[in-house]
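1. Okay, here's the prediction I keep looking at, along with the sequence it came from:
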Amino acid sequence: MTEWSADDSENSRGIRAAPRLVHRALQAVSDLIMPPVCLVCREPLGDHDALCPPCWRGVEFIRPPLCDRLGMPLPFDTGGVMVSAAALAASPPYDRARAVAAHAGAVRTLVHALKFHDRHDVRRLLGRWLVEAGRELLLDTEIVVPVPLSRRRLLARRFNQAAILAREVARLTGIGYEPQVLERKRATPSQVGLSRLQRQRNVAGAFAVPPRCRQRVTGRRILLVDDVITTGSTASACARVLRRAGAERVDVLVVAMVTDRALVPS
């Protein structure tokens, strides 16, 4: 039988440590070539995928107390599950919605950087924030589904920002990623500047679950991911078709929510 010596143990530890040393060396070289900077203002930082203190302070994180259905912030905590007057007046077709922050300041800049300026480097920070904001929803989630773009807009933009965010959430959590189970049947005009009723009409009938994908939806608990929720019209239209296809529940997770303090178009 071969004897195992202390020298062998030291050699084994050295072999295991080698990849870590190589990774650190490569990271140091990478930092020299592309030094870490704030994702919003480009101020030099000590770490990648982060914000500087002033930009961080400009993020209006949405934290409890909030409406359990719409995810909107509420002025006080009653000590239990709370549902806003807006949700009671018009209950959404999805079960729960959650957002990282108000659509203002640094978060608005990050969303627009990803959506309009191909800044895919922001996905890692936004992905971590989404997982934190959606922790409660993710406990019940079986598949992650992005809000789809029309083929025309996808060709023009070359990527779907919702898909990038949904894929990052799936990667961080290990939950299944299913981008094909929901499709946009027709292109819709931009929602910018439209009223709530106009937005609802704009996306009515725009989404569908392809027949080949119905079995991947039926009985499943789905997390629908998008970048911004304004009136909830798009999320509602998606949730309706997923429900009709047999989804057990549909929750919604977004980076930014237009709140009373962030009434800006998206």
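-> Good, I have the coordinates. Everything numeric in this text was worked out from a predicted model, so none of it was measured.
2. Show me the helices in this structure, by range?
-> 6-33, 53-57, 85-89, 105-117, 123-133, 135-138, 151-157, 161-173, 196-203, 233-244 (DSSP state H).
3. Low-confidence regions, the stretch 1-150 of the chain specifically.
-> Confidence mapping of the stretch 1-150 of the chain against pLDDT under 70 gives the ranges 1-33.
4. and with 50 instead?
-> 1 (pLDDT under 50).
5. ok, Ala239 to Ser233 distance?
-> 11 Å (CB to CB, to the nearest Å). Just so you know, the C-beta spots here come from the backbone N, C-alpha and C atoms, and that holds for glycine as well.
6. show me the contacts for the closest residue to Arg167 other than its chain neighbours.
-> Once flanking residues are discounted, Arg167 sits nearest to Tyr177: 5.6 Å by CB to CB, 6 or more residues apart in numbering. Tyr177 makes contact with 143-144, 166-167, 170-171, according to CB atoms under 8 Å, 6 or more residues apart in numbering.
7. change it to 6 Å
-> By CB atoms under 6 Å, 6 or more residues apart in numbering, the contact set of Tyr177 is 144, 167, 170.
8. For stretch 113-129, buried residues please.
-> For stretch 113-129, the neighbour count (16 or more other CB atoms under 10 Å) marks 113-115, 119, 122-127, 129 as buried.
9. Any idea how many residues pack against Ala85?
-> 9 (other CB atoms under 10 Å).
10. beta partners of the residue nearest to Arg167?
-> With DSSP bridges as the criterion, Tyr177 is bridged to Val144.
11. May I ask which of the contacts of Tyr177 has the most neighbours?
-> Neighbour max across the contacts of Tyr177 (other CB under 10 Å) = Val144, 26 neighbours.
12. That one contacts Leu224, correct?
-> No. In this structure, Val144 is not within contact of Leu224 by CB atoms under 6 Å, at 8.3 Å.
13. who's in contact with the closest residue to Leu137 other than its chain neighbours?
-> Of all residues not flanking Leu137 in the chain, Asp251 sits nearest, at 4.4 Å (CB to CB, 6+ apart). Contact analysis of Asp251 by CB under 6 Å, 6+ apart lists 95-96, 137, 223.
14. Against Gly134, how distant is Asp251?
-> 8 Å.
15. Next: Ala86.
-> The value you get for Ala86 to Gly134, if CB to CB is used, is 21 Å.
16. try Ala85
-> From Ala85 to Gly134 the distance is 24 Å (CB to CB).
17. One more: Leu70?
-> Distance from Leu70 to Gly134, by CB to CB: 14 Å.
18. Asp140 is in contact with Ile175, correct?
-> No. Contact criterion CB under 6 Å: Ile175 and Asp140 do not qualify, at 10.5 Å.
19. What is the nearest of the buried residues of stretch 113-129 to Glu183?
-> When the buried residues of stretch 113-129 are compared for distance to Glu183 (CB to CB), Lys115 wins out at 19.9 Å.
20. Having no further points to raise, I will conclude here.
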